[in-house]
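Asks: model the structure of this input:
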Amino acid sequence: VFRIGQKKNVEVHKFISVGTLEEKIDSLIERKKSLTENIIGTGEAWLTEMNTSELKKIFELRKDAVVE
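Replies: Numbers count the residues shown, from 1 in each chain. Sure thing, here's the model as predicted:
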């Protein structure tokens, strides 16, 4: 877990009761995390290390994409 300004280690505990909505939601979240790791891996550095020009290029609409 990342907390802005926190220098100490942070522990997270999940309390989930069997057969509850929370259990189903947790299962869904874990499946989505697994899928994400399989698709993009655990390294997200490519996104955080982009310069401003590269980031703007992602959101830029090309002229050939515009239909008049």
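Asks: what about the helices in this protein?
Replies: With DSSP state H as the criterion, the chain has helices at 21-40, 45-48, 52-59.
Asks: between those, which one is nearest to residue 3?
Replies: Relative to residue 3, the nearest member of these by C-beta to C-beta is helix 45-48, separated by 17.3 Å. C-betas here are computed from N, CA, C, even on glycine.
Asks: point to the residue nearest the middle of the chain.
Replies: Nearest to the centroid of the C-alpha atoms of the chain, with distances taken as C-alpha atoms, centre = their mean, sits residue 36, at 7.9 Å.
Asks: state the distance from that one to residue 30.
Replies: Shown here: residue 36 relative to residue 30, a distance of 11 Å by C-beta to C-beta, to the nearest Å.
Asks: rewinding a little: which ones are touching the residue nearest to the centre of the chain?
Replies: Under the criterion of C-beta atoms under 8 Å, 6 or more residues apart in numbering, residue 36 has no neighbours.
Asks: before we move on, back to that, mean pLDDT and distance to residue 2 added to the helices of the chain, as CSV?
Replies: Below are these laid out as CSV (pLDDT from 0 to 100; distance: least, C-beta to C-beta, whole Å):
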stretch, mean pLDDT, distance to residue 2
helix 21-40, 89, 15
helix 45-48, 66, 12
helix 52-59, 83, 21
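Asks: neighbours of residue 22, how many?
Replies: Look at residue 22: counted by other C-beta atoms under 10 Å, it has 13 neighbours.
Asks: same check on residue 10?
Replies: Around residue 10 there are 8 other residues, counting by other C-beta under 10 Å.
Asks: does it touch residue 1 like I think?
Replies: Yes: if you go by C-beta atoms under 8 Å, residue 10 and residue 1 touch, sitting 4.9 Å apart.
Asks: dihedrals phi and psi, residue 19?
Replies: Backbone dihedrals for residue 19, given as degrees, to the nearest 10, come out at phi 80, psi 10.
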